[in-house]
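K.L.:
Provided below are the primary sequence and the corresponding predicted coordinates.
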Amino acid sequence: MVRYLIACGRVLSSLRLTVVLLGLGMVLIFFGTLDQVHLGIHAAQAKYFRSLFVLWQPAGIGWSIPIFPGGYLIGTLLFLNLVAAHGTRFKPTPKKIGIFTIHAGVVVLLLGELLTGLFAKESMMRMDIGTAQNYSEAPRETELAIIDTSSKDDDLVVAIPESLLAHANVIQHPALPFMLKIVKFMANTALAMRSQVPNAPPSLATTGIGTNVVATEIPRTVKQDERDLTTVFVQINTVEGPLGTWLVSNALGMPQSFSYDGHNYELRMRQKRYYKPFTIKLLDFRHDIYPGTDIPKNFSSRIRLIDSRQKEDRNVLIYMNSPLRYSGYTFYQAGFDNNDKTSILQVVKNPTFILPYIACGLVGAGLLTQFSMHLVGFLRRRRP
Amino acid sequence: MKLLKKLTPWLVATFCLYFVIAFIFEGELKPGYALREFGRFPVLLNGRIKPLDTVARTSLLILCGKQSLRLDDGKSLSAIEWLTELMTRPELADDRKVFKITNPDTLGALGLQGEENKNYSFSQLVPRAQDIERQAELASNVEDQLRTPFQRDVVKLYERATLYFRLKNSLEVADTDDFQAEVQAYAKTVSLGLPLVKRARNSESAEPGSDATQRFSFLAQSAYFFPIPPAGPNGKPEQWKKIGDSLLTATKEIGIPTPALAYAAIATGYRKGDAAAFNSAVDEYRGWLQEHLGKIARTARLEAFFNSFAPFYKSMTLYVLVFILACGSWLVWPTTLGRYAFYLLIFSFAIHTVGLLFRIYLEGRPPVTNLYSSAVFIGWGAVLLGILLERFYDNGIGSATASILGFLTLLIAHHLSLDGDTMEMMRAVLDTNGWLATHVVCITLGYASTYLAGFLALIYIIRSVFTSSLDNETATSLSRMVYGIVCFATLFSFVGTILGGIWADQSWGRFWGWDPKENGALLIVLWNAIILHARWGGLVRQRGLMAMAVFGNIVTSWSWFGVNMLGIGLHSYGFMDKAFPWLIAFMMSQVVMMALVALPLKKPLPVK
């Protein structure tokens, strides 16, 4: 047993394993890049890099076979390989200081990518000039919002995330006096007016606009500039019986409303929201071009940041390569729309964003030390 | 023989010097006309102030892939002369065969046949204008990436025809007989303080059926570039105007701007074949520019000089000579030829460097700003490293590798330059000199050194398999060189890649997005790391190291060009149909070279 463990340790700490793992990494990255043409960048990331295994589902079979180690597996093994090598083979001598620093940097880099994959959240803020907003929206996730609009001062919002809609059959929430039955969930759909689709099957919806709309399920989009149009058929069940089944989709502009027990409710499907403890108001957006061309020179948003907790109230200019970092969030100029009247900010919360910076310093310094020592040694040998 | 050996350095030196500076002694392009001076006038195009000479050259490159036009009688027409003719005597220019159309489908669809060199004139295209427009419109409904080669070609042809038409209507409305007289008549109405509507009615020399203001607004719409500078050296680029605009916005108080009058005189002078009038107008405007624009005018002159100097073309040619000399040194006169090859290499490198410095100064940017300049810089970096290697080892290998890489990268750069101006303005997110100077420079140096290691290995393989010129000592030093350069490549590509991640974090909010270009850079880092670890672990020896270094060429080419051809991602620079077969051919050749390592050596090396 002991001998077996030692052999294992020897393999784990061997340079041969390093070379094999790096090679596997190259193959993974190569195919992960090629597949982006078909899958889009987000699906390819999930399939190849943020996974333990690359799975393959043969046609007609309900389950998948792992066919290649994924990014997490290779990364973890590399990490173990590195630690094992330093634990067994490496003697800490001054000559090895460069190698040590490089490897420390690589470890930080691997950890950083792992933690980013696990904890970083990306969302968008889409604002028209002059409007203020205290939330950002997930670009690829939706939620079903049931809004109680009866009170004059506040709306009461219950938001049900897409992940729950996809799997739950019946949803009960303490703030709602009724239950929701998810009749059908479709992650991405194409909507058309019933009058334009002559042979469409009858709608699952019994009330609201859904009775006049045909929703056809289509594959989730892989394009970066498109978003899924999620559609759900939801039945509202009260103690007295069902109120009806609605078609709710983020492709519909207007919310649909109904009343129950003296309260007015709105139903709407929207991009998942992340609320912030502060407000951002878009004062101005500029889209500068080079004279005589339509080549963009700069995009910039002038915003007002209002945080009543911190008593902050100031103007900030966000422009290309110059984001606003505030309260753990980073706001970047990401796009524009609506004839330059709408600015789109990317909002990132990445608690470990500092790790790559540290890694860069370590690796750079390590490589420089190591190869300088090589070079000096080499020159000394050439010119005694 | 001895005399020849003695004379060789002098002959080579004289030849090279003459080759580089001969252009200074060339006379006027067209006898009697100050066309060179005309080519130095600054204009604004695509957001950048450049000399007319650059406009002429890049337009001609876009139209026919050459910087000068070869005529049927064997003579050649310089770009600026062609442009001047096009702008003032279009009836002559329209018969010049400037449209190169090679796609057989395009030729078929337009019913064009019979021209041996596939060059066609504007007059030949005019009767097919509707066909071209229809085909281009059909194709433009298809998404960029999904177009067939025919569709892409026909869209390009349509764009080229538009460019031609706009150039033709840039100084004056094409076929204006006496623009100067028209402008002078108009100037009178301006000096009377008439409003725009009345000016039209009072312009005497307007063509029948249309009035001057109408014609000027057509000119303001169609003109390709902005030749009228704001008065004073502090004018902003957005204040430059087209001739039409500057005429229409003229008022009694400021009158018609001098540049507009000057261009009218120049155009009419050239049209009427009046060299004296042309030259005096050119000279007068030159004086005005010197007085009013100062530095801008000087920079434009410098760029025109840079164009005729053509440093990259010249160093490319010289690199071939270096390669021949260096290879020769392995066969005869090793010391003499080797030394000359080295001196000549330094000379070519100096010219290469001067070219690079010119670009840096003219653009006000770090050396690498687009794919074109990356090619120029990769060559430069590889040659620099090659020179250092040669300095240490003195065996001709550094010179040979440096020169072949310098030649190849400049050749690639030349082909990339066919798309037009190589000093384009930087798109928003790229508009940051700090990152361009660090991340981009590091990455390209990483490419350069990976290629250098790969080509050193190629020399090892070719010499050991096909010749008996590789002795044990040379083989050992080659393997040391490859190892050293791979270390260097690891340093630059690793640091460059991480810096790129940090830039991405700064501008897009994430360090690593698994974008194709990012992945390509990572592949280079990983491959170099694999080479180093395999060598340290004793998994490969000399010949294995060489094979691995050659594979580095494939990885680098994939990262440099291959990922761009996927047509996706944030770094995608569009399709390069023509480059694709070349890329595949290069990669295949490298695979063959790697396979050659397995062959027995020509002269087995003594075992150490």
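P.N.:
Thanks, I have it.
K.L.:
Quick one: classify the residue of the stretch 101-250 of chain A found nearest chain B as helix, strand or coil.
P.N.:
Ranking the residues of the stretch 101-250 of chain A by distance to chain B (C-beta to the nearest C-beta) places residue A:113 first, at 6.2 Å. Any C-beta I mention is one placed from the backbone N, CA and C, and that applies to glycine too. Classification of residue A:113 by DSSP: H, G, I helix; E, B strand; the rest coil places it in helix.
K.L.:
dump the residue contacts of it.
P.N.:
Counting by C-beta atoms under 8 Å, 6 or more residues apart in numbering or on different chains, residue A:113 touches A:75, B:511-512.
K.L.:
and which of the residues you listed is nearest to residue A:55?
P.N.:
residue A:75 (17.3 Å; C-beta to C-beta).
K.L.:
For that closest one, give me its contacts.
P.N.:
Per C-beta under 8 Å, 6+ apart, neighbours of residue A:75: A:110, A:113-114.
K.L.:
of all the residues you listed, which comes closest to residue B:148?
P.N.:
For the contacts of residue A:75, the nearest to residue B:148 is residue A:113 (39.8 Å; C-beta to C-beta).
K.L.:
Stretch A:37-50 near chain B at all?
P.N.:
Yes - contact of stretch A:37-50 with chain B (C-beta under 8 Å from any C-beta of the partner chain) involves A:37, A:41, A:44-45, A:48-49.
K.L.:
Could I get the full set of strands for the stretch 201-350 of chain A?
P.N.:
Using DSSP state E, counting those that start in this stretch, the strands of the stretch 201-350 of chain A run over A:213-217, A:231-238, A:241-249, A:256-260, A:263-289, A:296-307, A:312-319, A:324-326, A:329-337, A:342-349.
K.L.:
for the stretch 151-300 of chain B, that is, sorry about that
P.N.:
Counting by DSSP E, counting those that start in this stretch, the stretch 151-300 of chain B forms no strands at all.
K.L.:
pLDDT value on the residue in it that chain A sits nearest to, please?
P.N.:
Nearest residue of the stretch 151-300 of chain B to chain A, counting by C-beta to the nearest C-beta: residue B:238, 3.8 Å away. Looking at residue B:238, its pLDDT is 82.
K.L.:
Find the residue closest to it in space, skipping its chain neighbours.
P.N.:
Leaving aside its sequence neighbours, residue B:238 sits nearest to residue A:291 (C-beta to C-beta, 6 or more residues apart in numbering or on different chains; 3.8 Å).
K.L.:
and the stretch 151-300 of chain A, which of its residues are near chain B?
P.N.:
Close to chain B, as judged by C-beta under 8 Å from any C-beta, the stretch 151-300 of chain A has residues A:289-293, A:295-299.
K.L.:
check contacts around the closest residue to chain B within the stretch 201-350 of chain A.
P.N.:
In the stretch 201-350 of chain A, the residue that lies nearest chain B is residue A:290 (2.7 Å; C-beta to the nearest C-beta). Contact analysis of residue A:290 by C-beta under 8 Å, 6+ apart lists A:297, B:46-48, B:237, B:425.
K.L.:
Dump those residues into a markdown table; add distance to residue A:125 and neighbour count as well.
P.N.:
Shown next, in a markdown table, are these (distance: C-beta to C-beta, whole Å; neighbours: other C-beta atoms under 10 Å in any protein chain shown):
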| residue | distance to residue A:125 | neighbour count |
| --- | --- | --- |
| A:297 | 23 | 18 |
| B:46 | 33 | 19 |
| B:47 | 30 | 18 |
| B:48 | 34 | 21 |
| B:237 | 33 | 17 |
| B:425 | 29 | 21 |
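K.L.:
Could you list the residues of the stretch 1-150 of chain B in contact with chain A?
P.N.:
Residues of the stretch 1-150 of chain B lying near chain A (C-beta under 8 Å from any C-beta): B:44-48.
K.L.:
The same query, at a cut-off of 10 Å, please.
P.N.:
Counting by C-beta under 10 Å from any C-beta of the partner chain, the stretch 1-150 of chain B comes close to chain A at B:43-49, B:145.
K.L.:
same question, the stretch 251-400 of chain B
P.N.:
Residues of the stretch 251-400 of chain B lying near chain A (C-beta under 10 Å from any C-beta): B:392-393.
K.L.:
What's the nearest residue in the stretch 251-400 of chain B when you look at chain A?
P.N.:
residue B:392 (6.3 Å).
K.L.:
Would you agree that residue is in contact with residue B:485?
P.N.:
No - using C-beta atoms under 10 Å, residue B:392 is not in contact with residue B:485; the gap is 11.8 Å.
K.L.:
Those two: which has the busier surroundings?
P.N.:
Taking neighbours as other C-beta atoms under 10 Å in any protein chain shown, residue B:392 and residue B:485 compare with residue B:485 leading, 29 against 16.
K.L.:
Look up which helix or strand that one falls in, please.
P.N.:
Using DSSP states H and E, residue B:485 maps to helix B:472-507.
K.L.:
got the angle between that helix and strand A:329-337?
P.N.:
Angle of helix B:472-507 versus strand A:329-337, following axes from the mean of the first three to the mean of the last three C-alpha atoms, to 10 degrees, is 80 degrees.
K.L.:
For chain A, tell me whether helix B:472-507 is touching it.
P.N.:
Yes - using C-beta under 10 Å from any C-beta, helix B:472-507 comes into contact with chain A via B:480, B:483-484, B:487-488, B:490-492, B:494-495, B:497-499, B:501-507.
K.L.:
Distance check, residue B:512 against chain A.
P.N.:
Per C-beta to the nearest C-beta, to the nearest Å, residue B:512 is found 6 Å from chain A.
K.L.:
send the alpha carbons of stretch B:373-383 over as PDB?
P.N.:
Below are the C-alpha coordinates for stretch B:373-383, written out as PDB (Å, rounded to 0.1, in the frame of the first residue of the first chain):
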ATOM      1  CA  SER B 373       2.200  46.500 -38.300                       C
ATOM      2  CA  SER B 374       2.300  43.300 -36.300                       C
ATOM      3  CA  ALA B 375       3.900  41.700 -39.300                       C
ATOM      4  CA  VAL B 376       6.500  44.500 -39.600                       C
ATOM      5  CA  PHE B 377       7.200  44.300 -36.000                       C
ATOM      6  CA  ILE B 378       7.500  40.500 -35.700                       C
ATOM      7  CA  GLY B 379      10.100  40.700 -38.500                       C
ATOM      8  CA  TRP B 380      11.900  43.400 -36.700                       C
ATOM      9  CA  GLY B 381      12.000  41.600 -33.400                       C
ATOM     10  CA  ALA B 382      13.100  38.300 -35.000                       C
ATOM     11  CA  VAL B 383      15.900  40.100 -36.900                       C
END
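K.L.:
chain center to it, what's the gap?
P.N.:
Chain-centre distance of stretch B:373-383: 13 Å, with C-alpha atoms, centre = their mean, to the nearest Å.
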